[in-house]
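Colleague: Have a look at this prediction, sequence included:
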Amino acid sequence: MAEKKIVVADKAPKAIGPYSLGVWAGELLFVSGQTPTDPVTGGIVDGGVVEQAHQSLKNVQAVLEAAGLGLEHVVKSTLFIKDMNEFARINEVYASYFTPPYPARSCVEVARLPKDVLVELEVVARKP
């Protein structure tokens, strides 16, 4: 079994629990769920679901970049959203970050997310 290697991402928000922001397992990078937390202030970004979706994606990018990767290396994403009625608005933001060929994706409406945010995104990426 390949040794786990932890990714330290100075430009991403600090973990709020006992987990790593990113973990390499062989050629795969597992990025923990990123919420719309401002990495500078540690607070949730102002605004609604659109602003929160943008910040969650920026935080994912920060972890990927710390690992030497970009969004183009993402092979799977899981999007957790508070309200499926906001799917179209969140999807529009999501589509502005990813280009074809798109990663596989799941989108799940959940009852509650950490700090009562509206969006959380986790991804799996692969070394080129």
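Modeller: Thanks, I have the structure now. Remember, predicted model here, so these are calculated numbers, not experimental data. Residues are numbered from 1 along each chain as shown.
Colleague: buried stuff in stretch 30-47?
Modeller: Judged by neighbour count using 16 or more other C-beta atoms under 10 Å, the buried positions of stretch 30-47 are F30, V31, S32, G33, Q34, T35, P36, T37, I44, V45. Where you see a C-beta, it was placed from the backbone N, CA and C, and this is true even at glycine.
Colleague: Who are the contact partners of the first one?
Modeller: The reference is to F30. G22, V23, E122, V124 (C-beta atoms under 8 Å, 6 or more residues apart in numbering).
Colleague: Let's see that with 7 Å instead.
Modeller: G22, V23, V124 (C-beta atoms under 7 Å, 6 or more residues apart in numbering).
Colleague: and if you look at the third one?
Modeller: S32 makes contact with Y19, S20, L21, G22, E122, according to C-beta under 7 Å, 6+ apart.
Colleague: what do you get if the cut-off is 8 Å, keeping everything else the same?
Modeller: A15, Y19, S20, L21, G22, V63, E122.
Colleague: Also the second one?
Modeller: By C-beta under 8 Å, 6+ apart, V31 lies in contact with V7, L21, G22, V60, V63, L64, E122, V123, V124, A125.
Colleague: if we can go back for a sec, by neighbour count, which of the contacts of F30 wins?
Modeller: G22 (23 neighbours; other C-beta atoms under 10 Å).
Colleague: What distance do you get for that one to I90?
Modeller: 22 Å (C-beta to C-beta, to the nearest Å).
Colleague: again with D116
Modeller: 16 Å.
Colleague: More neighbours: these two, which one.
Modeller: Just comparing D116 and I90: by other C-beta under 10 Å the higher neighbour count belongs to I90, 25 against 9.
Colleague: Mind checking what secondary structure the more buried one has?
Modeller: Following DSSP: H, G, I helix; E, B strand; the rest coil, we place I90 in the helix state.
Colleague: so what pLDDT did the residue lying closest to it once chain neighbours are set aside get?
Modeller: Take I90 and drop its neighbours on the chain: the residue closest to it by C-beta to C-beta, 6 or more residues apart in numbering is A53, 4.8 Å away. In this model, A53 is scored at 98, pLDDT.
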